[in-house]
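In: Okay, predicted coordinates and the sequence, questions at the end:
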Amino acid sequence: MQLIKAQESPSEEYLSDFLYIDTARLAHYYSQLSVDGLVTQSKRLSKDTTKSIDNVGVKAVVTGSRQSETGSETSIELQIDPTFSRPQDTLDALYSAGYIGDGLTQSGIGTLFLTKGNISMFDVRMLKTMWPHLGEIVAEEGAKNVVGHAQQQKARAAAKKEYSTIMPLIATFPILCTEA
C-alpha cells in the first residue's frame with residue numbers, strides 16, 4: 001500500500017495494529033493474491049563455512065610434504081510463522097493488485113479504500129450504567145450556584161429531568177459483547 005506516493009509499502013514506514021483479524025477470510029484472500037498460495041510455514045537457513053588448507057613442503061635431499069585441512073561450519077535454522085505478517089502482506093498485495101483505492105471519491109460501492117483518521121472507542125455499557133449517576137452529579141453542581149433552597153430544588157429537578165429524558169435513548173444503544 002502506498003499512503004505516500006514515494007513510499008513502497010506502509011510496513012516499511014510504520015507499525016500496524018489490527019483490532020480484529022478474520023484469519024479464515026484473510027487466508028482465503030491471501031492465497032488468491034500470492035504466487036505461492038497460502039504459506040503456512042516459512043523456513044530461513046543461514047550457513048557459514050570456513051575452510052583452510054595448509055601445504056608445507058621441505059625440499060632437500062629428501063623430499064617431504066605435509067598437508068593439513070581444517071574447517072568449521074555454523075548453521076542456523078529459523079522456523080517462521082507467517083500468520084502474524086499475513087494481514088499486512090494481504091493489504092500490500094491487495095493494494096499492488098489495484099483492489100484498494102487511494103480515497104473515497106475514486107472508490108465504488110463495496111470497494112476498499114485508504115483513509116486517514118482517528119478511531120475512538122467508547123464503552124456504551126459503561127455509559128448506560130453511569131448515566132443516572134452523571135445526572136445526579138450535574139444536578140448537584142448546577143444547584144450549588146443557585147441562591148435559595150426552593151430555587152436549588154427546581155434547578156436539581158430540571159437537570160435530573162433533562163438527564164432522565166435522554167436515558168431511554170441511551171438504553172437503546174447496542175452493546176457488543178465478547179463474552180463466551
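Out: Right, received. Where do you want to start? Just so it is clear, the structure is predicted and the values come from calculations on it, not from any experiment.

In: wait, what's in contact with residue 164?
Out: 132, 135 (CB atoms under 8 Å, 6 or more residues apart in numbering). Glycine gets a C-beta too; all of them are placed from N, C-alpha and C.

In: er, residue 81 actually
Out: Shown in contact with residue 81 (CB under 8 Å, 6+ apart): 41, 42.

In: from the chain's centre, how far out does stretch 101-114 sit?
Out: 21 Å (CA atoms, centre = their mean, to the nearest Å).

In: Going by neighbour count, list what's buried in that stretch.
Out: Of the residues in stretch 101-114, 101, 114 count as buried by neighbour count, 16 or more other CB atoms under 10 Å.

In: model confidence over it, on average?
Out: Mean pLDDT, stretch 101-114: 80.

In: end-to-end on it?
Out: End-to-end distance of stretch 101-114 (CA to CA, to the nearest Å): 6 Å.

In: a strand runs through residue 90, doesn't it?
Out: No. Counting by DSSP: H, G, I helix; E, B strand; the rest coil, residue 90 falls outside a strand, being helix.

In: Burial check on it, number of neighbours?
Out: 21 (other CB atoms under 10 Å).

In: repeat for residue 74
Out: Neighbours of residue 74 (other CB under 10 Å): 9.

In: Bridged to it, which residues?
Out: Note on residue 74: beta-bridge partners by DSSP bridges are residue 48.

In: What separation do you get for it and residue 43?
Out: Distance of residue 74 to residue 43, given as CB to CB, to the nearest Å: 17 Å.

In: Equivalent analysis for residue 93, please.
Out: Distance of residue 93 to residue 43, computed by CB to CB: 21 Å.
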